[in-house]
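> Structure, please.
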Amino acid sequence: MNDDGPAEHDPHPDLTGVRSMADLEDRVRHLQIRAGTPNPGQVHRLSRGTYELSKSTAARWVKPWQGRTPRLEVVLGLVSAYGVPESDLAAWTAAYGRARDATPSPPPAVEVSGTGETPTRSPLLLLSAVATVLVLAFAGWAAVGRDGSGEPGPERTSTAAPVPQISLPGPLNASGLYAFKPPQSLNLPLITDWSIPQQPFDLDRFEPTRKPDAWDLSFECRPARCPTGPGRTYTILPVPGISFVAAVDGSAVDDPKPCITATYQRESVLLTTGQLYCVRTGNRLALVRAVDLPENAPADEVLIKTEIAVWSLGQPDLSD
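So this is what the prediction gives:
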């Protein structure tokens, strides 16, 4: 084990079969062994950066998990320390989403200090969470993760029921729904160093992003490597456990009414020029329209021309 930097890692770890935390732990343990089984101090040093782990947290999670569920940041810190580059973390994020979806325990509450674990809620916190869900009319956020084949964006399947409809009292602009970003025209390039070229987007910051835990949706070009010609397609992909998408009727990007009664799904949706799409997250409602989807431009020259507007759900957003 070299203390000066991460050990070599398997460049294409097999994440396709991850359907549980046990599966995920097996992959992490595989990387741990390949990296020379670094001790907690070495993991702490090698994980420095976005997903830095304290020595105490590292000491807890380099050992068998024994049915416990680590936070996503802990998993990403571990695999980073074991040699996985930042460009592969999106696939690990997707695999974590599938494993988390299959975990029968309730959603996580506040982390137990210094453990990196996601414990179950206390009754008081659970009641508070239920009240919040009722106010916002959000429920059923179980996620179906992406296929973790090494890059974000592969095909996924789900048998989950549609997301419950939004129910907001009063006029849309007066109660429950607040303007965040008015319609803006955006030209989105593709990140082409993944097998499925795409551009992830952060609705909170209203900007493209490569940071895995900031994605709300992604604009993809398919098939793999985005070849030119009539076989090329574009999709809008929600993020497992984070967002949901629906194609809706209408033409005005500044009118969110079609999003209120839309039936949302967790799967990718084919993008069509001129079509409106609604995207829901925990605190955002977005309208997206594809203005131009280039058919013949090389992948590294593609600009997906879109119009996007975003509203805040449940409470005024004064951050902008």
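> What segments of the protein are strands?
Per DSSP state E, the chain carries strands over the ranges 177-189, 198-202, 207-208, 217-222, 233-238, 244-248, 269-270, 276-280, 284-292, 303-313.
> closest one to G97 among those?
Between G97 and the strands of the chain, the tightest spacing by C-beta to C-beta is seen for strand 233-238, at 11.0 Å. C-beta here means a position set from N, CA and C on the backbone, and glycine is covered the same way.
> contact partners of the closest one?
146, 153, 198, 216-223, 244-245, 265-271, 277, 279, 288, 290, 293, 304 (C-beta atoms under 8 Å, 6 or more residues apart in numbering).
> so where's the stretch 151-300 of the chain shaky on pLDDT?
Applying pLDDT under 70 to the stretch 151-300 of the chain picks out residues 151-176.
> no, scratch that, I was asking about the stretch 1-150 of the chain
For the stretch 1-150 of the chain, applying pLDDT under 70 flags the ranges 1-13, 104-150.
> try 50
Across the stretch 1-150 of the chain, the ranges flagged by pLDDT under 50 are 1-11, 105-115, 119-150.
> tally of neighbours for T273?
When counting by other C-beta atoms under 10 Å, one arrives at 11 neighbours for T273.
> Identify the residues contacting it.
Contacts here follow C-beta under 8 Å, 6+ apart; on that basis T273 touches A290, V291, D292, L293.
> which non-adjacent residue is nearest the spatially most central residue of the chain?
The residue lying closest to the centre of the chain (C-alpha atoms, centre = their mean) is V239, at 3.6 Å. Leaving aside its sequence neighbours, V239 sits nearest to W215 (C-beta to C-beta, 6 or more residues apart in numbering; 4.9 Å).
> hang on, that neighbour packs against L203?
No. Using C-beta atoms under 8 Å, W215 is not in contact with L203, being 9.3 Å away.
> returning to what we had before: I'd like the strands of the chain written out as TSV, with mean neighbour count and distance to R19 added.
Below are the strands of the chain laid out as TSV (neighbours: other C-beta atoms under 10 Å; distance: least, C-beta to C-beta, whole Å):
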stretch	mean neighbour count	distance to R19
strand 177-189	16	32
strand 198-202	23	24
strand 207-208	14	30
strand 217-222	24	22
strand 233-238	22	19
strand 244-248	21	21
strand 269-270	14	24
strand 276-280	23	25
strand 284-292	21	29
strand 303-313	20	31
